[in-house]
Structures are given as C-alpha cells and as structure tokens.
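> A predicted structure for the sequence below; I have some questions about it.
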Number of protein chains: 2
Amino acid sequence: MQTIAPELADLAALIADPGRAGILTRLMDGRAQTASELARVAGITPQTASWHLAKLVERALLQVERRGPRRLYRLATPLVAQMLEGMMTVAAIDPHPSRPQPRIDAEMRRARTCYDHMAGELGVAVTEAMLERGYLELDREAGALTAAGTVFLGEFGIDLRSQPRHRRVLCRPCLDWSERRPHLAGRAGAALAALAFQRDWIRRRPQGRSVEITEAGLAAFRTLFGARI
Amino acid sequence: MQTIAPELADLAALIADPGRAGILTRLMDGRAQTASELARVAGITPQTASWHLAKLVERALLQVERRGPRRLYRLATPLVAQMLEGMMTVAAIDPHPSRPQPRIDAEMRRARTCYDHMAGELGVAVTEAMLERGYLELDREAGALTAAGTVFLGEFGIDLRSQPRHRRVLCRPCLDWSERRPHLAGRAGAALAALAFQRDWIRRRPQGRSVEITEAGLAAFRTLFGARI
DNA sequence: ATTACGCTTCGATCATGATCGAAATGTTCA
DNA sequence: TGAACATTTCGATCATGATCGAAGCGTAAT
C-alpha cells in the first residue's frame, strides 16, 4: 500500500544534504552550470561536489553535458524545478513565527528568475498589476489569462495562441517563497520573462539567480504594466 | 545568496526518513489519523513514531489535535500536500527505465484521493472525459473550466461562482504519479470529489488512501461523464 | 481511586553517509 | 607529445540521527 513512500524518502534524502540543496537551488534558474561553480556556491570542495553531482545525475534529477574539459549540469526536467518550487514555498514558512525570519539576500528578494519566469518583488508586482488591470485571473491554485490579457501580451509580440490546444490555460501560479504571494508562471510567465530579457528590462547578474532591473526596465514595468515597484 | 538552501535541506531531511515519509504519505488524503495508526502504516514502533511525529509538528508540517487519550495528526496546510504531490511525481519517475517499475498497489492505482480530489485511474479518466467534452482545458501546468464545464457542474449542484473574484480559475492540474498524466485538482477537483462522496459514487476504504468505486459510481462516471473506466 | 490504554520520554546502541587530502583520469591546446 | 586544467576516484575519518526496550505520564471509564 505504501509503495511510493520509500521512493519519496530516497528522493528527499537526495535533497536533504546542504551541499546538494545548494546545488539544486543554484540550478533553479534553469541554466546549466559547471561543476566548479556549483562547488563554489555550495561551499564545498570540488571532490565533494563531484560526489554529490554523481548522485543527482544517477537519480536523474540533473542532466550532465560535457563541453570540453568542463561538465555542465542542469535540472533534468521542469518537473524537478516545480518540485523544488513547492518545497521552497514550504521551507520558507517559519515554524516559529516569533523568531526572527531567516535573512534573504536583498538582490534575491528584489528580482530573480524561478526556472523560466520572473519572481521576487518584481514578479509579484508585475503579476498584481496584471491582475488589477484584468489581464489575469489568479489565485494560489490556478490561473487564466483573460481576453484582454491575451490582447495586451499580443501587443508585445507575445502570441500564445500558437499552440492550438491551449487557449487560455497558459498561466500557473507560483507561490513566491520570499514574498509569500503568488506570481505568474507557466507558459505566459515564461514568455513574459523572455520578453523582459530580450528588451533588456532585466539582466542576469554574473553570479547567482538574481537579476538586475535596468532603468529602462523599471520605467517599462511601471508605465506599461502599472507595476508598483 | 543561497539563503534558502539550508532551510530546503532541513525540510528535505524531515521527509528523508522512510518512517516519516510513510506517515506523510498516509496523511495525503487530508484526514487526521491517530499516532498508532501512523506507526502501523509506517512499520515502526509507537515510540519511534512518536519521535518522528514530534519532529514533524515541531517543523509545522503536521497539526496535532488531542481527542481524549488519543492524538490526531493531520497535514498542517494544503501547501504541504501540494509539496508532497510534486515530490511524489518526481519520486515516481524511474531513473533507470530499463529496470522493472516499482509495484504500485492495484487498489491505490485504481482510485484514491489526493488530499481533496480524486486521483489514480479514476481521477485521470474523469479528467480526460471532461477534456474531450470541452468542459475543461488542462495541460501539465495550468487549467481552466470552460463555460460549458461550468454549466455541466452546475447541473450537479456545484456552484463555483460563489467566490466572486474567482471565475474560471478553479482548476489545477495535478500530475498523477501512478498514471503519469494530469488529473483535475483545485477547487473544481475538490468539489467534484465531494460530490462523488456525497452521492456514494466512491467510498473510503477503512485503511489507506485508496477509495472504492461503487456500482452506482461506475455507472455514473461512465454515463454522466463519459469516462472510460 | 483504580484500572486500562494511548502516547511520550529516556537511554544505550547502531548504521549510514558526508567530508577532504591525495592521486588518477580525461580533455584541450600548443 | 607534453602541459594545463577540470573533474573524478579512492581511502580514512568523523558526525549525525534512527531505533527500540523500559519506564513515565495523562486521560477516560469503571
């Protein structure tokens, strides 16, 4: 009867190590990283990282790609990212509300990517602005793009109607672990983030998952979207 | 920068023990269970279970309620259930496709509840039938109820329009770990499961999360929903 | 009050896996 | 071929936490 429980425990054990958790967190932006970089952010030696990475690949949480003498690691599927999202949401809940909240890096809280979409204050602000303007319907469980929203995104060249079978079902709420409020994920969220990178509204910082909002981006999010940020 | 990683590791460590994983799995149906029952399904002694349960409550994954000499444990929030859903989905992925799949209990695979909605073959079949009839739009990431779907559910007395702010956004896809296909979750999924229990289409089995499909239920799912089950 | 029962606490034992230095492997480039 | 560099493998050490018997505690019923 409990047939899935052992597999669940094994999977959790894989994430239960601080080193591996750091590696997975670093890979949450969906990009590939070298073994050395992952060792650095996890605060462990390359040997130890190598051992951890082998386990993660063995269990198919990560994919590895050889590029010359380096090896690039990335999350194996979006399913893994979604799982980590869910875990982070719970991990961010303080079991003892009286105690001081764990400090979250300011840049990280301001704006970051969550696999393929925008998160942090930026992600939440853009999402709430779109909600207020009636472009979006979203709660903690589900989301939908309205007709007005489809038109709005279409003006930026985002055409989500290309997939015939999926008309409105392009939104997914992703509960932001730093803001405790849902932000826009799913196909629409990914398209929006891609647009923001393309128009140089946001730029990836050289290290980490946090992104920088450019001056043009700040203006665009405020005037075009009405985001309070 | 990696500020969430240690919390993620701690959370995962809590799930990484087979005993605790068994307990959490057992509680996935959203109901409360006694400490003894949880010890039994996890295959551990009551002392050990008590120790595990204390840790899970301490970390706020579980809520405990005293009823007389017994203590009833339940998942603290739906967020925990959603997290476990996501983990089970990944846990069910076989990292080595060549090897034999882990055996899943037949009753469990046939029909079970996943926190507040139907899952297993039943959940998937009902979802697919609703998709085919155009009541639903759903992919792996998002879902929406169509106008026809709202009318259809309305005929069963399910009125999802009661919450003014949420019109169509009542569906959430939940990737079924035994079927590898999405089934209907979210508010609509919960309402549908409640209806099925109320009309005695499905009955909870005394032990475990699996449910029994009654003869009337089989007929209803087939004729009223067009489910191939 | 006493008994019965469910649950928890304590304490001793045991097993697992993370860690890093040292050395080996493998790849690219000159 | 040889040098430089990224990564992995090996081996020894170390730390953490799961386990259950025995005992204690709290609640409800007689």
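Arrived safely, thanks for sending.
> Can you show me the strands along chain A?
Under the criterion DSSP state E, strands of chain A are mapped to A:33-34, A:62-67, A:70-75, A:112-114, A:117-119, A:136-138, A:143-145, A:172-175, A:182-185, A:202-204, A:211-213.
> Report the buried residues of the second one.
Applying a neighbour-count criterion of 16 or more other CB atoms under 10 Å in any protein chain shown, one finds residue A:62 buried in strand A:62-67. For every residue, glycine as well, the C-beta is placed using N, CA and C.
> how about JSON lines for the strands of chain A, with distance to residue B:105 added?
Below are these laid out as JSON lines (distance: least, CB to CB, whole Å):
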{"stretch": "strand A:33-34", "distance to residue B:105": "39"}
{"stretch": "strand A:62-67", "distance to residue B:105": "30"}
{"stretch": "strand A:70-75", "distance to residue B:105": "30"}
{"stretch": "strand A:112-114", "distance to residue B:105": "35"}
{"stretch": "strand A:117-119", "distance to residue B:105": "37"}
{"stretch": "strand A:136-138", "distance to residue B:105": "36"}
{"stretch": "strand A:143-145", "distance to residue B:105": "34"}
{"stretch": "strand A:172-175", "distance to residue B:105": "30"}
{"stretch": "strand A:182-185", "distance to residue B:105": "33"}
{"stretch": "strand A:202-204", "distance to residue B:105": "46"}
{"stretch": "strand A:211-213", "distance to residue B:105": "45"}
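> got a markdown table for those strands, with mean pLDDT too?
Converted to a markdown table, these look like this (pLDDT from 0 to 100):
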| stretch | mean pLDDT |
| --- | --- |
| strand A:33-34 | 94 |
| strand A:62-67 | 92 |
| strand A:70-75 | 94 |
| strand A:112-114 | 93 |
| strand A:117-119 | 94 |
| strand A:136-138 | 85 |
| strand A:143-145 | 83 |
| strand A:172-175 | 85 |
| strand A:182-185 | 93 |
| strand A:202-204 | 95 |
| strand A:211-213 | 95 |
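> give me the low-pLDDT residue ranges for chain A?
Within chain A, the segments meeting pLDDT under 70 span A:1-2, A:95, A:97-103, A:161-170.
> Any residues of it in contact with DNA strand C? List them.
Proximity of chain A to DNA strand C is confined to A:13, A:16-19, A:44-45, A:47-48, A:51-52, A:55, A:66, A:68-69 under the rule CB under 7 Å from any atom of the strand.
> Mind checking which of those are buried?
Buried among these by 16+ other CB under 10 Å: A:13, A:16-19, A:44, A:52.
> what's the farthest-apart pair in these?
Using CB to CB, the two most remote members of those are A:13 and A:44, lying 17.3 Å apart.
> okay, the buried ones among the residues of chain A next to DNA strand C in JSON lines with distance to residue A:229 next?
Output for those, formatted as JSON lines (distance: CB to CB, whole Å):
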{"residue": "A:13", "distance to residue A:229": "39"}
{"residue": "A:16", "distance to residue A:229": "36"}
{"residue": "A:17", "distance to residue A:229": "36"}
{"residue": "A:18", "distance to residue A:229": "32"}
{"residue": "A:19", "distance to residue A:229": "34"}
{"residue": "A:44", "distance to residue A:229": "36"}
{"residue": "A:52", "distance to residue A:229": "37"}
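> can you narrow these to ones near chain B?
Filtering these for proximity to chain B by CB under 8 Å from any CB of the partner chain leaves A:13, A:16-18.
> Just send those back as JSON lines, with distance to residue B:8 too.
Shown next, in JSON lines, are those (distance: CB to CB, whole Å):
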{"residue": "A:13", "distance to residue B:8": "13"}
{"residue": "A:16", "distance to residue B:8": "9"}
{"residue": "A:17", "distance to residue B:8": "10"}
{"residue": "A:18", "distance to residue B:8": "9"}
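> Just the residues you listed: which are in helices?
If you go by DSSP state H, these have A:13, A:18 in helices.
> CSV for the ones next to chain B among the buried ones among the residues of chain A next to DNA strand C, including distance to DNA strand D?
Listed next are these as CSV, based on distance: CB to the nearest atom of the strand, whole Å:
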residue, distance to DNA strand D
A:13, 10
A:16, 9
A:17, 11
A:18, 11
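> quick revisit: between the strands of chain A, which one is nearest to residue B:151?
When those are compared (using CB to CB), the closest one is strand A:143-145, at 17.3 Å.
> helices and strands around that closest one, which ones?
Strand A:143-145 sits against strand A:136-138, with contacts defined as 3 or more CB pairs under 8 Å, 6 or more residues apart in numbering or on different chains; DSSP states H and E.
> what are the ranges of the helices in chain A?
Counting by DSSP H, the helices of chain A are A:5-15, A:18-26, A:35-42, A:46-58, A:78-91, A:106-110, A:120-132, A:147-154, A:186-198, A:215-223.
> and the second one, how far from the chain's centre?
Here the centre of mass of C-alpha atoms in helix A:18-26, compared against the chain's by CA atoms, centre = their mean, to the nearest Å, lies 14 Å away.
> Packing partners of that helix?
Using 3+ CB pairs under 8 Å, 6+ apart: helix A:18-26 touches helix A:5-15, helix A:35-42, helix A:46-58, helix A:78-91, helix B:5-15.
> Mind putting the ones you listed into TSV with distance to residue A:202?
Output for the helices and strands packed on helix A:18-26, formatted as TSV (distance: least, CB to CB, whole Å):
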stretch	distance to residue A:202
helix A:5-15	28
helix A:35-42	21
helix A:46-58	28
helix A:78-91	19
helix B:5-15	23
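> Tell me the residues of chain A that contact DNA strand D?
So chain A meets DNA strand D at A:34-36, A:46-47, A:49-51, A:53-54, A:64, A:69-71 (CB under 7 Å from any atom of the strand).
> In TSV, list those residues along with distance to residue B:220.
Formatted as TSV, those follow (distance: CB to CB, whole Å):
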residue	distance to residue B:220
A:34	56
A:35	55
A:36	59
A:46	60
A:47	60
A:49	55
A:50	56
A:51	54
A:53	51
A:54	51
A:64	49
A:69	63
A:70	58
A:71	54
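> show me what contacts the residue nearest the centre of chain A?
With distances taken as CA atoms, centre = their mean, residue A:114 lies nearest the centre of chain A, 1.0 Å away. When contacts are counted by CB atoms under 8 Å, 6 or more residues apart in numbering or on different chains, residue A:114 touches A:28-29, A:81, A:85, A:123, A:174, A:176, A:183, A:185.
> Recalculate using a threshold of 10 Å.
A:28-30, A:81-82, A:84-85, A:88, A:120, A:123, A:174, A:176-177, A:183, A:185, A:189, A:193, A:209 (CB atoms under 10 Å, 6 or more residues apart in numbering or on different chains).
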